[in-house]
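>>> I would like the atomic coordinates for the input below:
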Amino acid sequence: MAYRNGTYIAFHAEGKTDPTASDIKYYRMLKAWHEHDGVDFKFVNSHDKVAAIKDTSRRETIMGSLRERLDNSKNMVLIIGKTTKNDTDFVPYEIKYAIDTCKIPLIVVYTDYAGILNPASHRAEWPAALAARIDAKTVKAIHIPFKRAIIDQAIGQFNLTTQPSGPLSFYSKAYQESKGVEFNS
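Numbering: from 1, shown residues only. You can find the predicted model right below:
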């Protein structure tokens, strides 16, 4: 059995390789925070634990690599941007495998919101694979904004043994504000 200490990060790349043209920019921001000595943000990146694959690799090779990375993970960060719900191949597969097979908690991170207080109100942005598992209550997920301090807290807090209380968990307004989130009145 794999040593499951990694954080798997899923995002919709929209089939693009330009690092600014899709949600890959948020993945790269997480990596930059992690690699910066002056920023308190550390995690074990599951993507670094398995050999890289080329964009031209066959689908079966890519799926095998995704499974191996998820098998080494204690949690999964799912970045929800404007087009994530449109992904029909890798993001749905990652969600299904993470929840149904690996049983790891999801840290659902929304890129376009200052704070998250009502995760259900974001349903229209969810990929169908996530919505189905939230409806079936088979996922344990915390829903948070794309803010460094809150992401860092969730990565450190949630794992195989300490999971969010249900499919629509979120941090309180007071807690989010203590981490720098500014809500509009």
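>>> Every contact and neighbour count from this point should use C-alpha atoms.
Noted.
>>> Can you show me the strands along the chain?
6-10, 73-80, 106-110, 141-145, 169-170 (DSSP state E).
>>> Measure how buried Ser178 is and give me the count.
12 (other C-alpha atoms under 10 Å).
>>> let me redo that: Tyr175
Tyr175 - counted by other C-alpha under 10 Å - has 12 other residues nearby.
>>> Also Leu130?
Around Leu130 there are 25 residues (other C-alpha under 10 Å).
>>> cool, Asp112 as well?
Neighbours of Asp112 (other C-alpha under 10 Å): 11.
>>> That one against His122, yeah?
No: under the criterion of C-alpha atoms under 8 Å, Asp112 makes no contact with His122, lying 10.9 Å away.
>>> Of all the strands of the chain, which one is nearest Ala98?
Nearest of those to Ala98, taken as C-alpha to C-alpha: strand 73-80 at 7.3 Å.
>>> So in that sheet, which strands flank that closest one, and in what orientation?
Strand pairing for strand 73-80, determined by DSSP bridges: strand 6-10 (parallel), strand 106-110 (parallel).
>>> just the angle between the worst-scoring helix or strand of the chain on mean pLDDT and strand 6-10, please?
Ranked by mean pLDDT, DSSP states H and E, the weakest helix or strand in the chain is helix 24-35, scoring a mean of 81. Helix 24-35 and strand 6-10 are oriented at 160 degrees to each other (axes from the mean of the first three to the mean of the last three C-alpha atoms, to 10 degrees).
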